[in-house]
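need a structure here:
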Amino acid sequence: MFLAATKPSIEVNSAEKDKVLMQAILSGLGQMHYKPIDVDDEFSKRVFDLYIDQLDGLKLFFLQEDIDKLRKYENKIDDEVSMSSFEFFDEATSIVESRKLEVQELYKEILAEPFDFKKDEKINLNYEKRTYATTAAERKENWRKRMKYRVLSSYVSKYNKQEKAKENKEEDLEIKSNVELEKEAREKELKNNDDWFKRMAELDHRDHVSGYFNAITSAFDPHTNYLAPKKKDNFDIQMSGRLEGIGARLQRSDDEIKVVYIVPGSASWRQKELEVDDIIIKVAQGKDEAVDVSSMRLDDAVVLIRGKKGTEVRLTVKKVDGSTKIIPITRDIVVMDESYAKSAILDYEKNGKKIGFINLPKFYADFTKTGGRYCASDVRAEVEKLKKENVDGMILDLRNNGGGSLNDVVKMSGLFIDEGPIVQVKYKGKEPKLLKDNQVGAVYDGPLVIMVNQGSASASEIMAAAMQDYNRAVIVGSNTFGKGTVQRFLDLDKAVSSFDELKPLGSVKLTTQKFYRIDGNTTQLEGVAPDIILPDRYRYIETGEKEHDYPLGSDKIAKADYDMDNSVKNLSAIVSASKQRTAVNPIFQKIDAHAKEVKEERDNPFNSLNFEKFLQEEKETKVRADSYEEMFHDIDGLNISNLGADMEYIQQDSTRIARFDDWHKDLLSDVYLEETLNIMTDLINQ
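Residues are numbered from 1 along each chain as shown. Just a heads-up that it's a prediction; the model follows:
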């Protein structure tokens with residue numbers, strides 16, 4: 001299909017497979033990518049930077065002389081990939097592997113002696129702003145500080161645990177001296193590094209070359225990736241919706257494993273303590289000793305975190321505010337129905353109205369067409385049920401909804417308008433195509449508010465943007481993610497017509513479309529700016545698509561022909577009233593103050609390596625964290641109930657009853673929902 005090939009006469013080997021993969025990937029990207037880039041010197045520089053960063057993004061191994069030596073390839077990689085040559089890959093990989101052997105002896109030497117924690121020095125934890133060491137001595141000093149920080153962190157954790165046990169007068173408590181605690185921390189760090197280097201040594205050629213292919217695909221845009229067969233299998237498991245584990249989606253970022261999504265209905269979701277943007281530091285199987293995962297490959301960390309239903313895993317996580325917490329989670333099968341749309345009735349005494357609330361975790365669809373569910377039809381059913389309950393208004397919650405089916409978001413948007421265009425979709429080199437709601441008449445035409453945040457992406461942004469452009473709903477929350485692109489999978493086994501003996505080859509997930517609002521603007525990079533912006537803990541730091549390397553740009557096309565709905569008649573007055581309430585709301589004031597603290601932490605990434613100062617910083621961070629958690633309270637005058645039509649279904653399963661009860665409890669203390677209800681009051685009374 002994309003690669004014209006004849007059967008090789010030479011013996012098939014790994015090198016031959018690499019060449020076939022290289023040409024198949026480049027051919028597929030050139031033909032199918034929305035905005036394929038020229039394979040030129042600029043492409044070469046992108047791949048160079050991406051692969052170097054992939055090999056040593058923390059700047060722990062390479063010396064500056066290594067980077068200088070490899071610079072000869074900076075403008076030649078385009079020529080290499082065109083000829084299926086791997087000289088840069090081979091040399092860069094070889095150098096970093098040899099440097100790892102040097103460092104392996106280095107950390108052992110450093111950890112052989114006690115650290116002086118009375119000395120007043122600091123470490124810069126912002127890896128992006130570091131430079132490569134110019135000498136071996138400088139690299140050793142960098143490693144000394146790194147080891148000292150990690151040992152100090154473990155040492156303080158042990159110290160605090162012992163002090164708490166003393167306060168609680170725990171029986172059989174073995175009191176250890178500070179010298180003993182420090183030694184234990186060093187021994188543990190030595191083992192962590194031994195394990196890390198052992199895992200790195202186990203990486204084979206296929207692991208390394210897959211990383212190189214990803215550097216090539218990511219040069220096109222951040223959502224275009226190569227997935228080796230094993231990775232594709234994991235992706236399919238994830239997309240199937242049936243997981244056995246804790247139900248959290250993780251992502252490696254520099255020296256951290258970050259939680260980027262909590263699967264609704266999963267063990268993590270029910271346990272409630274693990275949150276998006278938590279950094280997983282350690283993993284323990286039940287009461288066993290925790291294993292440091294901060295330097296692990298993501299796949300290896302996931303193996304430790306996953307496990308059989310009913311077993312316990314304990315995660316040591318670092319919160320956004322810098323505090324550390326141990327979170328025990330009992331693994332389970334992810335409950336699929338929690339991924340689906342669900343509704344509740346909100347009786348709000350302050351306005352005497354009955355409000356329908358619909359939560360949609362993602363824009364799901366049965367892409368395999370095997371009798372599965374579609375979110376558009378599910379939301380339609382929820383809307384119909386709420387109408388029978390005679391609600392005075394509806395709230396659609398799209399917070400942390402990362403998107404999904406484009407077809408379903410078009411159908412769903414049509415539930416709330418008469419008829420007309422919803423989104424403009426553009427393929428490479430073609431005129432934009434209007435995707436329309438052709439169903440005459442709205443299923444629901446009453447007051448509508450849509451809740452969004454920085455986790456609302458893709459299809460969520462299409463929905464919010466369409467309702468905003470029609471002036472059909474009030475959009476409330478924080479600026480959305482800013483992903484205005486659509487991806488699809490290219491199966492390389494099907495793309496390559498021959499070379500059967502080399503298969504499986506894997507797949508490429510690549511960007512094939514860009515979508516635009518009906519007003520002609522894009523959500524790419526820009527996101528959707530809510531009509532009413534509410535303070536959140538991330539408001540002063542940059543999040544979303546803009547954080548990625550080489551995202552597609554933001555542009556504009558012609559406006560589509562559509563008629564304003566005008567359901568929202570006095571938006572400026574509604575916005576003004578909300579601003580006045582928010583300005584004097586003590587919880588929002590605290591959230592804003594906390595957001596400033598989060599930004600200050602990000603802007604000042606220096607941590608003390610002095611025991612007393614480190615201990616004090618830990619205490620202050622915990623106080624702030626506790627203060628933030630304690631400020632939320634139940635909304636006065638709000639009663640939440642299930643729909644009458646859902647009661648038989650809910651009461652069939654005790655765990656289902658518990659899940660809905662937990663959902664209602666979360667809503668009761670949701671300060672964003674409280675202000676949204678006030679906005680709904682103004683909208684109804686306009």
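
from what I see, residue 526 and residue 553 are in contact.
No - under the criterion of C-beta atoms under 8 Å, residue 526 makes no contact with residue 553, lying 10.5 Å away. The C-beta positions use only the backbone N, C-alpha and C, and glycine is treated the same way.

and those two? which has more neighbours close in?
Comparing residue 526 with residue 553 by other C-beta atoms under 10 Å, the one with more neighbours is residue 526, at 20 against 10.

what's near enough to touch that one?
482, 484, 554 (C-beta atoms under 8 Å, 6 or more residues apart in numbering).

ok, the first one touching residue 522?
So that's residue 482. No - with contact defined as C-beta under 8 Å, residue 482 does not count as touching residue 522 (9.1 Å).

how about CSV for the contacts of residue 526, with neighbour count added?
Listed next are those as CSV, based on neighbours: other C-beta atoms under 10 Å:
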residue, neighbour count
482, 24
484, 28
554, 16
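
per-residue confidence for residue 2?
As predicted, residue 2 sits at a pLDDT of 36.

can you mark which positions in the longest helix seen in the chain are buried?
Counting residues, the longest helix found in the chain (DSSP state H) is helix 136-167. Neighbour counts over helix 136-167 (16 or more other C-beta atoms under 10 Å) mark 139-140, 142-159, 162 as buried.

stretch 506-524 now?
Of the residues in stretch 506-524, those buried (16+ other C-beta under 10 Å) are 506-519, 521-524.

picking up where we left off before, and of the contacts of residue 526, the nearest to residue 422?
Proximity of these to residue 422 (C-beta to C-beta) peaks at residue 484, which lies at 14.2 Å.

could you find the closest non-adjacent residue to that closest one?
Sequence neighbours aside, residue 524 is the residue nearest to residue 484 in space, at 3.1 Å (criterion: C-beta to C-beta, 6 or more residues apart in numbering).

report pLDDT for that neighbour.
97.

name the helix or strand for it, please.
According to DSSP states H and E, residue 524 maps onto no helix or strand at all.

need the residues that contact the one helix or strand residue 198 maps to.
Assigned by DSSP H and E, residue 198 falls within helix 178-201. Residues outside helix 178-201 that contact it (C-beta under 8 Å, 6+ apart): 100, 104, 107-108, 111, 114-115, 117, 147, 150-152, 154-155, 158-159, 162, 176, 291-292, 295-297, 300.

any idea how far residue 277 is from the residue nearest to residue 543 when sequence neighbours are not counted?
Excluding its sequence neighbours, the residue lying closest to residue 543 (C-beta to C-beta, 6+ apart) is residue 454, at 4.8 Å. If you measure residue 454 against residue 277 using C-beta to C-beta, to the nearest Å, the figure is 10 Å.

that older thread, among the contacts of residue 526, which one lies nearest to residue 585?
Nearest to residue 585 among the contacts of residue 526 is residue 482, at 27.3 Å by C-beta to C-beta.

wait, is that closest one part of a helix?
No - according to DSSP: H, G, I helix; E, B strand; the rest coil, residue 482 belongs to no helix; its state is coil.

show me what contacts it?
457, 461, 523, 524, 525, 526, 527, 544, 545, 546.

surely residue 442 and residue 418 touch.
Yes - using C-beta under 8 Å, residue 442 is in contact with residue 418, at 5.7 Å.

name the nearest residue to residue 208, sequence neighbours excluded.
Leaving aside its sequence neighbours, residue 208 sits nearest to residue 93 (C-beta to C-beta, 6+ apart; 5.4 Å).

count of neighbours near that neighbour?
Neighbours of residue 93 using other C-beta under 10 Å come to 19.

show me where the stretch 551-686 of the chain dips below the pLDDT cut-off.
655 (pLDDT under 70).

hang on, residue 115 packs against residue 149?
No - between residue 115 and residue 149 there is no contact under C-beta under 8 Å: 9.7 Å.

and the strands in the stretch 351-500 of the chain?
353-359, 393-397, 420-427, 433-437, 448-452, 474-477, 485-491 (DSSP state E, counting those that start in this stretch).

between those strands, which gets nearest to residue 40?
strand 485-491 (22.5 Å).

which residues does that closest one contact?
Counting by C-beta under 8 Å, 6+ apart, 2, 28, 32, 34, 221, 223-224, 406, 425, 458, 507-515, 524, 552 sit against strand 485-491.
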